[in-house]
Structure formats: structure tokens, C-alpha cells
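Visitor: Have a look at this prediction, sequence included:
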Amino acid sequence: MKILAIDTSADETAAAVIEGRRIISNVIYSQIQIHKEWGGIYPTLAKRAHEERIEGVVERALKRIKNYELRIKNEDGLMDKIDAIAVTQGPGLAIALEVGIRKAKEFAVKYQKPLIAVNHLEGHLYSCFAQNSNSQPSNEIKFPYLGLIISGGHTQIVLIKEHLKYQTVGETLDDAAGEALDKAAKLLRLGYPGGPVIERLAQEVGQIDKYHFPRPMLQSKNLDFSFSGLKTSFYYYVRELPEKEKIKSIKYLVSSFQEAVFDVIVKKTESAIKQTGVSNVIVGGGVCANLYLRKLLRKMVKKNKGTIVFPPFEYLTGDNAAMIGIVAGYKAQANQFVKNIDQLDRVTRMSL
């Protein structure tokens, strides 16, 4: 079953064609350059960029099917090879989600294809199971898993006992990890997105935790996260530093901040392993692109005699449509299609 998937949840306009877990084509238009001067996503600009690019992104995703196993002379015939349409319903920016949903509905009606609505967070989890067009990597899916989502908008631990069945066991009560990293970078005028800049600067000083910023909720018995206290502590500390000292110490400041964020993530995940008895972990979301975090998580999981899986390709860590299509394939098997297309609407705070 070939699925055309669309994602416009935030600042990436994305379309992909998926067959099972295999990514046949994947196209992403990034809006980072548009939002850089604002230090974050500016919603109205995001919507406009999605509207300007969605048609072309979908067209490119469809055309790339030709490079797979099809020989089609008439481009209109490309949609004949698509069995269903999938789209991100939420969570995300309302006016951004709206663009993708509207386009998915248009295709579903025009070409008489079934429509599948997908939770963006499901996508981040299932990104770990993705394969290229040659069915690589060939790893099996063996439940149960602990799913760790670490992105700009979400930090969450989910127990997954079977396909499409989730139980949230821990989540952030305020800022997400990626959001905290971005805000720290913005405070130091390092640009947007902040995570990659912080990673690079921290590498230059050897990931040193010089300032020992607080680890919020690390002593709590539950598995929830909170990064607002850490962010506030960092803000007040930086505010009191003389400008020359701030510039001189900037690498150590971001390294210590990153260390605090990652320490909480790793130790909370370890607590989740001990509380649930599930030591097989999958990790998705933009922050998991950080190689140092991967190293810390691998070490912790190995200590607990478990396994850990990250998205096999770097582009799958950020927002993309391929992961949405993979989830949609399993939803199609479970006959979870949209029953009334006219009633499908965005859900900005959609939960698992």
C-alpha cells in the first residue's frame, strides 16, 4: 500500500510517499531562514510559507516515485499509484496544520482516496522504524518499548505495548527540552534554532559542567519533566555576568546548560525503565539528533541491559512527512481511516 503523507505542523513543509516502513520519496522545505530573525517560529509567516510551498513539495514527492520502480509517462497517473492520503492532524501550530489538512482533503476528494489522520507525536516514535527503499535497516519491531520524544515542543516518555497503543508515563509540565535549549541560545544571541549551536560549542570545551545548573524534578518520584526552573536559573545567572565575562565563558555556559537538560532526560528515562520493567527504548524528535545525548542514552540503556533505537537517518529526527506515512500504514491495517472528511479538523494540543 503506497501512502502519500503530508506534514505542516510547524516550520517544515513536508510530503512523502511510503510503502509499509519503506520511504519511497521524501521532500522537506525548511523555513529556518525565514524564522531566524525572530528567534523562533512566527506563525503567520509559517502559514504563508506552507501555502506557497505545499503544492510544489507534494508534486516533487510524487515525481520521485518514478525513480523507484514505476515507469509512468503521464504525470497525472502518479496519483493512480497512491492508495491513501495521510496528514498530520496535530499537535502543532493551528494555522500551519490547517494548510496540510486542507491540501490532504483536496487530494482525497479529487482522487477518491481514503484519508488517514495521524498524531505528529506518533510519527516521532515510528521514525525509529523507518527503512529506505531497499528495506534497510532490517531491524524487527519487538514490543514493548519505552518511547522517548524529545523535540522543541514536547518531552515525553511513552509506554508502547503494541502498535498504535500508547500510555504516557511522563511528560513536561512546562517547557520542552528543545524549547529550553532554544531559549538559552536566544538569551546568549546565538541564533535559531539554538540546539545545534549549543551542541557545537559544548563539544569545543569537552562537554564540561562548570556551573552545575539545577536539575528540576530529578528527585521527584514521578517521571514528569520541568525545565522552566532551569531556564530561570540560567537567565538570572547570565544577567548578572559582565558582558566581557559572558563572552569569555559562553562555551562553558551552554555546555553546563546542555549538561543539566540531558542529565534530567537520561535519569528520568532510566527511572522509567526501572518502574516499568521495559528496557527497550526508541527515541524520536529533533533533540535526539544531538550525538552527545545519544552517547549518554546508549550508555545508560546498556547499563540496564536494554536496547535503544534512534531514527536511522538524520532527516527523520526533525519534522517530516515520512514518519507520518509510516504510522498511517499501520492505521490503514487497523482500518483507522477518517470516516467523515468534512469533519476532520486540526487539534493543536493533540495528545497520545
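Guide: Sure thing, it's come through.
Visitor: use CA for all of it now, contacts and neighbours both
Guide: Fine.
Visitor: Quick one: residues contacting A61.
Guide: Residues counted as contacts of A61 (CA atoms under 8 Å, 6 or more residues apart in numbering) are 15-17, 25-27.
Visitor: Counting neighbours, which of those comes out on top?
Guide: In terms of neighbour count, A15 stands highest of the contacts of A61 at 33 neighbours, by other CA atoms under 10 Å.
Visitor: in the protein, what spans have low per-residue confidence?
Guide: In the predicted model, the chain carries pLDDT under 70 at residues 30-43, 46, 66-77.
Visitor: Show me where it has its helices.
Guide: Applying DSSP state H to the chain gives helices spanning 32-35, 43-63, 94-110, 120-126, 177-187, 194-204, 228-240, 243-276, 291-303, 322-333.
Visitor: I'd like a version of the ones you listed in TSV, one that adds distance to E314 as further columns.
Guide: Formatted as TSV, these follow (distance: least, CA to CA, whole Å):
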stretch	distance to E314
helix 32-35	17
helix 43-63	18
helix 94-110	23
helix 120-126	12
helix 177-187	16
helix 194-204	13
helix 228-240	27
helix 243-276	19
helix 291-303	11
helix 322-333	12
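Visitor: Out of the ones you listed, which gets nearest to G285?
Guide: Nearest to G285, of all those, is helix 120-126, at 5.6 Å by CA to CA.
Visitor: Show me what that closest one is packed up against.
Guide: Under the contact criterion of 3 or more CA pairs under 8 Å, 6 or more residues apart in numbering; DSSP states H and E, helix 120-126 touches strand 84-90, strand 145-150, strand 280-284, helix 322-333.
Visitor: Using the record's assignment, carve the protein into domains.
Guide: Segmentation of the chain into domains, based on automatic domain parsing, reads 2-137+315-343, 145-311.
Visitor: Of those, which is nearest R349?
Guide: Among those, the nearest to R349 by CA to CA is domain 2-137+315-343 (4.9 Å).
Visitor: mind exporting stretch 163-180 as CSV, just the C-alpha atoms?
Guide: Extracted in CSV, the C-alpha atoms of stretch 163-180 (Å, rounded to 0.1, in the frame of the first residue of the first chain):
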residue,chain,number,x,y,z
HIS,A,163,1.1,-0.9,17.5
LEU,A,164,-0.9,2.3,18.0
LYS,A,165,-1.4,1.8,21.7
TYR,A,166,0.3,4.3,24.0
GLN,A,167,0.4,5.1,27.6
THR,A,168,2.1,8.4,28.6
VAL,A,169,4.1,7.8,31.8
GLY,A,170,5.9,11.1,32.0
GLU,A,171,5.8,14.5,30.2
THR,A,172,7.0,18.0,30.6
LEU,A,173,4.9,20.3,32.8
ASP,A,174,6.1,23.4,31.1
ASP,A,175,9.0,24.0,28.6
ALA,A,176,10.1,21.1,26.4
ALA,A,177,13.8,20.2,26.3
GLY,A,178,14.2,21.6,22.8
GLU,A,179,12.4,24.8,23.7
ALA,A,180,14.7,25.3,26.8
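Visitor: ok, Y211 - contacts?
Guide: Y211 makes contacts with 252-253, 256, as judged by CA under 8 Å, 6+ apart.
Visitor: Please identify the most buried of the helices and strands packed on helix 120-126.
Guide: Of the helices and strands packed on helix 120-126, the one with the most neighbours on average (mean count of other CA atoms under 10 Å) is strand 84-90, at a mean of 29.
Visitor: Output the contacting helices and strands for it.
Guide: Strand 84-90 packs on strand 2-7, helix 94-110, strand 115-119, helix 120-126, helix 322-333, going by 3+ CA pairs under 8 Å, 6+ apart.
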